[in-house]
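Participant: Just need the structure, nothing else, for what follows:
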Amino acid sequence: MLVIDPNKCSGCRRCETHCSFYHSGKTGHMGARIKVEKIEISGIDFPVVCHQCTEHYCTKCPRKAISITKRGSIEISPTLCDLCGACEMLCPIGAIEIYNDIPYVCDLCGGDPRCIEACEMDAIFFDPEIKQNISLALFKKKTKKMTPAMKRSEYAKQESAEIRKNWLKDRRK
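Facilitator: Below you'll find the predicted structure:
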């Protein structure tokens, strides 16, 4: 499982660059399966990537095109997927996004995530033994009618609130 420590993220976006290049041979924010949300007003950089949540909302794809692999990553069948967009709408944190007629979601790079080697801040690590127990049920209600970008932003704001509070507390000592 990919584990993210947003306290260590510098916002350099090297993880995005390496992810995009590994999967497409091109670099760019849109082609990445991990996205760093910059919350300028709070001074927070927050990587958002699929958490393989306990609900597995994405597997409710009407075409049955999405499954969970043995290593816990999301797999999308290109023969079953018809780009209906249900996966985008189902994911509460915007970790799945259709771009250039391809649904982008973290596939753990086949078990060797490139974002880890790219991160010089050690904000990302991979442990195949860790199984996520993150429930996104409460968050899903908030993001029902949002775009994937809006969901990522909202998720990053919510999850970074405690980081910002602690950072401010430490600065005022």
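Participant: Need the nearest residue in space to Cys19, chain neighbours excluded.
Facilitator: Excluding its sequence neighbours, the residue lying closest to Cys19 (CB to CB, 6 or more residues apart in numbering) is Ala32, at 4.3 Å. The way it works is simple: take the backbone N, C-alpha and C, and place the C-beta from them, glycine included.
Participant: ok, the one you found - contacts?
Facilitator: By CB atoms under 8 Å, 6 or more residues apart in numbering, the residues touching Ala32 are 15-17, 19-20, 104.
Participant: go on, Arg13?
Facilitator: Taking CB under 8 Å, 6+ apart as the test, what Arg13 contacts is 29, 36.
Participant: ok, back up a step: could you give the backbone dihedrals for the residue nearest to Cys19?
Facilitator: The phi/psi pair for Ala32 (degrees, to the nearest 10) reads phi -90, psi 150.
Participant: Repeat that for Pro103.
Facilitator: phi -80, psi 120.
Participant: what's the neighbour count on Ile66?
Facilitator: 23 (other CB atoms under 10 Å).
Participant: again, but for Glu129
Facilitator: Per other CB under 10 Å, the neighbour tally for Glu129 reads 6.
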